[in-house]
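# prediction below, plus the sequence it came from.
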Amino acid sequence: MSGRDVVRAADDNFAAHASWGLEMLPGATVRIAEDLTLVDSGLACDAFNIVCRARLSVETAAERTREAVAYFTAAGRPFSWWVSPADAPNDLPELLRRAGLSEASSERLLMLDLDVDIALVPGQEAAIPNLEIRPVASRAELRSYAAVTASATAAVTESATREDPEVARFFELAAPSLLRPDSPRRLFVGYVGGVPVATAELIAAGGVAGLYNVATEPAYRRKGIGSAVTVHALGAARANGETLAILQAVPARERLYARLGFRPIGTILEFQPTNGFPGPTSAAL
């Protein structure tokens with residue numbers, strides 16, 4: 001793939017990550033059109049209420065932007081609009097500002113050639129005492145995944161709440177779709193001495209393997225556990241025949257992924273309502 005093609009594939013992958021299986025949630029709305037993807041989980045959490053993959057024409061962009069913002073305003077739920085280098089039109093960020101949104105964060109879009117670049121270190125997982133990495137296959141394991149994800153998110157956002165209840169609720173409601181054998185969303189949990197401490201999600205869509213929800217409990221960071229879970233998931237992608245992997249990382253973690261062979265191919269911007277919405281929110285998962 002060319003660089004432009006990879007960015008577009010990453011956009012399609014993120015849209016699949018944001019939307020797959022959510023239409024099964026009670027009260028959820030998933031609208032996947034050629035020019036825009038809108039996902040409303042029905043929950044008061046912007047991690048699961050997302051607008052992305054904009055392919056808007058110059059003629060309709062302003063109207064479509066206002067429509068999407070008006071939808072969540074009427075619903076009274078927080079949401080995030082993610083803008084990638086593949087989105088159109090080029091002035092989409094300015095249109096979002098005019099519609100009442102402001103830039104909340106930026107992340108680097110990274111890619112990895114699984115045939116060439118991946119730094120799979122033999123025995124890396126075994127080198128960490130008592131570490132075991134397993135795919136999520138039961139509701140109990142899914143609850144462990146949700147608890148680690150919520151805890152890590154709370155630490156990043158400096159929330160006083162250890163676990164955002166909306167995160168746990170989402171994974172409980174989504175369990176029937178996430179645990180289906182044909183689910184493209186593969187979830188992994190790293191356990192140390194039987195205690196869940198790290199997570200990662202892998203989804204094959206758009207012609208690439210997307211890595212999301214790479215998280216480690218604060219007390220277990222800087223021990224190589226997050227890297228081990230990341231490498232484990234990437235190894236699973238390569239074993240499944242995937243040749244390219246992508247992920248979004250905050251600038252502070254870009255160097256960590258660079259050690260595994262990831263390289264930057266663009267910047268992703270997150271926009272949120274300037275005046276906010278009622279209810280708890282979380283960083284994008």
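Received it, and whenever you're ready, just let me know what you need.

# helices of the stretch 101-250 of the chain, start to end?
139-156, 165-178, 225-239 (DSSP state H, counting those that start in this stretch).

# what is the second one packed up against?
This points to helix 165-178. helix 139-156 (3 or more Cβ pairs under 8 Å, 6 or more residues apart in numbering; DSSP states H and E). For the C-beta atoms, the positions are set from N, CA and C on the backbone; glycine is no exception.

# dump the helix it packs on to PDB, keeping only the CA atoms.
Taking C-alpha atoms only, helix 139-156 is exported to PDB below (Å, rounded to 0.1, in the frame of the first residue of the first chain):
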ATOM      1  CA  ARG A 139     -17.700 -13.000  30.400                       C
ATOM      2  CA  ALA A 140     -15.500 -13.200  33.500                       C
ATOM      3  CA  GLU A 141     -12.400 -12.500  31.300                       C
ATOM      4  CA  LEU A 142     -14.300  -9.700  29.600                       C
ATOM      5  CA  ARG A 143     -15.000  -8.200  33.000                       C
ATOM      6  CA  SER A 144     -11.300  -8.300  33.800                       C
ATOM      7  CA  TYR A 145     -10.500  -6.600  30.500                       C
ATOM      8  CA  ALA A 146     -13.100  -3.900  31.200                       C
ATOM      9  CA  ALA A 147     -11.700  -3.300  34.700                       C
ATOM     10  CA  VAL A 148      -8.100  -2.900  33.600                       C
ATOM     11  CA  THR A 149      -9.200  -0.600  30.700                       C
ATOM     12  CA  ALA A 150     -11.300   1.600  33.000                       C
ATOM     13  CA  SER A 151      -8.600   1.800  35.600                       C
ATOM     14  CA  ALA A 152      -5.900   2.800  33.100                       C
ATOM     15  CA  THR A 153      -8.200   5.400  31.500                       C
ATOM     16  CA  ALA A 154      -9.000   6.900  34.900                       C
ATOM     17  CA  ALA A 155      -5.200   7.100  35.600                       C
ATOM     18  CA  VAL A 156      -4.600   8.900  32.200                       C
END
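
# mean pLDDT lowest where, among the helices of the stretch 101-250 of the chain?
Within the helices of the stretch 101-250 of the chain, confidence is poorest for helix 139-156, with a mean of 84 (mean pLDDT).
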